[in-house]
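Asker: prediction below, plus the sequence it came from.
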Amino acid sequence: MSFVIILAMILALVAWRQIFHGTVGPKILAEATYSTGSIEYGGTCELVITIRNPTMLPAPLVACEFQLPLGLSVRPPTGDDDGPLDEEERRVSVAVALKARESASIRYVLYGIKRGRQRIGEFGLALSDGFTPRHQLRDVNIAQSVIVHPRKEKDTLELVPVNQIGSMPSLRKLFPTSLDWVDMRPYRVGDSVRDISWTTSARHGELIVLERATTVAQHVIVVVSLQVADEFWLGDSALAEKVIASSYSLITDLLHQGAMFTLYTNAAVRQQSRSANRHALMMSEGPWSARLEFNLGHVLGALPIYSHVSLAAVLAEVGANALEPSRILVITGYESAATERAIARLTRAGHRVETVRIRQVAKEEGKPKTSPRKELRERRAVSR
């Protein structure tokens, strides 16, 4: 009697195994989505993994495992020296048991710790019938990605004095007349030097600004270059990240001063490839706003670390599309002879060009660090 029971159990187990791997396993659905497509540095987004069992039979064990991209982490950034997590810390795994026609959602809160487009790509799905160690393996593709904005450089404002950033006087009327002034008030940080009444300031002993009925918005053409050598297709990831982070800080500071900008770069091309402004990625249409700053971070966060044309070519495009003398701010980590000639041509055309040279922090030179025990052995050998 016991033999019959054991035989029946074996036959039932074999039948269940065949049914599960032939019917239940292939129909298990899994997908992963981000709650948003763009986050600030240190910001959060949710990764939602949804597993569904549309069959009338249970799924005793469904396990998924994947690795987080280098720019996302399950813990927030804590300082300037945050580095990417190792493979063990980046590996995420979860296991669930599903009843018939049941679904489960697992949510992970992820932090942006490195600029760039972050994409998981795919994750592995392991299915088990619950009785045998055999697993049915599948790979699920994740098409969605999230863009992490660059981190603002704290020392960027020391590179270019703030009072040098403004619009270039041109043939049009930029200076108000006495009829445009409606009031006087003390000077505030960010006010244009052109609006200071020096005679009134001398009488009051402090800076007095003539307030206008309508203000003239400043416009700056910002050129961000990721070229690091004469061969523009070469790249330096550390220097490129520093250039992008510094550009984010400088442009944000321009917005807070009330200026508008047009962003050019040699690292990307607009979708309208036939347009004259192929490398003009963004143009601000008003003063600073949280949304505008967020969009700027999104555009800079999506940039690659390689340039596909030279900086000189982008400057030539800027000169061809600037209809009047303008203020041009070039942010780059490398200057070549061709770049200097392009800047000279822009200067002769009446433009005011300022160059911000971003330098990569040199690493400490010397012997590599050794362990204290090895250092002690070396000292004893020298003393002998």
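Answerer: Now that the structure is in, tell me what you want to look at. Treat the numbers as computed from the prediction; the structure is a model and nothing was measured.

Asker: what is the mean pLDDT for the lengthiest helix in the chain?
Answerer: For the chain, the helix with the greatest residue count under DSSP state H is helix 237-256. Computed over helix 237-256, the mean pLDDT rounds to 90.

Asker: and the angle from the helix or strand just after it to helix 237-256?
Answerer: Under the assignment DSSP states H and E, the closest C-terminal helix or strand after helix 237-256 is strand 260-265. Interaxial angle of strand 260-265 relative to helix 237-256 (axes from the mean of the first three to the mean of the last three C-alpha atoms, to 10 degrees): 170 degrees.

Asker: all further residue positions should be reported with the first residue as 56.
Answerer: All right, first residue 56 from here; so that's strand 315-320.

Asker: keeping just the C-alphas, turn strand 315-320 into PDB.
Answerer: Extracted in PDB, the C-alpha atoms of strand 315-320 (Å, rounded to 0.1, in the frame of the first residue of the first chain):
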ATOM      1  CA  MET A 315      18.800  84.100 -20.600                       C
ATOM      2  CA  PHE A 316      21.000  81.700 -22.400                       C
ATOM      3  CA  THR A 317      21.400  79.600 -25.500                       C
ATOM      4  CA  LEU A 318      23.300  76.300 -24.900                       C
ATOM      5  CA  TYR A 319      25.600  75.000 -27.600                       C
ATOM      6  CA  THR A 320      27.700  71.800 -27.300                       C
END
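
Asker: starting at the chain centroid, how far to that strand?
Answerer: Relative to its chain's centre, strand 315-320 lies at 17 Å (C-alpha atoms, centre = their mean, to the nearest Å).

Asker: ok, now stretch 166-184?
Answerer: 18 Å.

Asker: quick one on the thing from earlier: in the longest helix of the chain, which residues are buried?
Answerer: The neighbour-count check on helix 292-311 (16 or more other C-beta atoms under 10 Å) flags 294-310 as buried. C-beta coordinates here come from the backbone N, C-alpha and C atoms, glycine included.

Asker: show me how far the helix or strand that residue 62 is a member of is from its chain's centre.
Answerer: Secondary structure assigned from DSSP H and E places residue 62 in helix 57-74. Remark: helix 57-74 is offset 57 Å from the chain centroid, using C-alpha atoms, centre = their mean.

Asker: and for stretch 100-118?
Answerer: Between the centre of stretch 100-118 and the centre of its chain there are 32 Å (C-alpha atoms, centre = their mean).

Asker: for that stretch, what is the average pLDDT?
Answerer: Averaging pLDDT along stretch 100-118 gives 89.

Asker: roughly how far does the spatially most central residue of the chain sit from residue 203?
Answerer: Centroid-nearest residue in the chain: residue 356, 2.4 Å away (criterion: C-alpha atoms, centre = their mean). Applying C-beta to C-beta, to the nearest Å, the value for residue 356 to residue 203 is 6 Å.

Asker: shared neighbours of the two, anything?
Answerer: Residues touching both residue 356 and residue 203 by C-beta atoms under 8 Å, 6 or more residues apart in numbering: 170-171.

Asker: what bridges to residue 171?
Answerer: Beta-bridge pairing of residue 171, defined through DSSP bridges, involves residue 203.

Asker: residues contacting it?
Answerer: Applying C-beta under 8 Å, 6+ apart, we find residue 171 in contact with 126, 202-203, 356-357.

Asker: wait, residue 317 sits on residue 336?
Answerer: No - applying C-beta atoms under 8 Å, one finds residue 317 not in contact with residue 336, separated by 9.0 Å.

Asker: so residue 380 sits in a strand?
Answerer: No - applying DSSP: H, G, I helix; E, B strand; the rest coil, one finds residue 380 to be coil, outside a strand.

Asker: that one touches residue 404, doesn't it?
Answerer: Yes - in this structure, residue 380 is within contact of residue 404 by C-beta under 8 Å, at 7.4 Å.

Asker: of those two, who's got more company?
Answerer: Shown here are residue 380 and residue 404; by other C-beta atoms under 10 Å, residue 380 has more neighbours (17 against 13).

Asker: quick one: the more buried one and residue 408, what's the gap?
Answerer: Taking C-beta to C-beta as the measure, residue 380 falls 11 Å from residue 408.

Asker: what of residue 151?
Answerer: Using C-beta to C-beta, residue 151 is found at 60 Å from residue 408.

Asker: what number of residues lie near residue 277?
Answerer: Neighbours of residue 277 under the rule other C-beta under 10 Å: 22.

Asker: same question for residue 352.
Answerer: Residue 352 is flanked by 25 other residues according to other C-beta under 10 Å.
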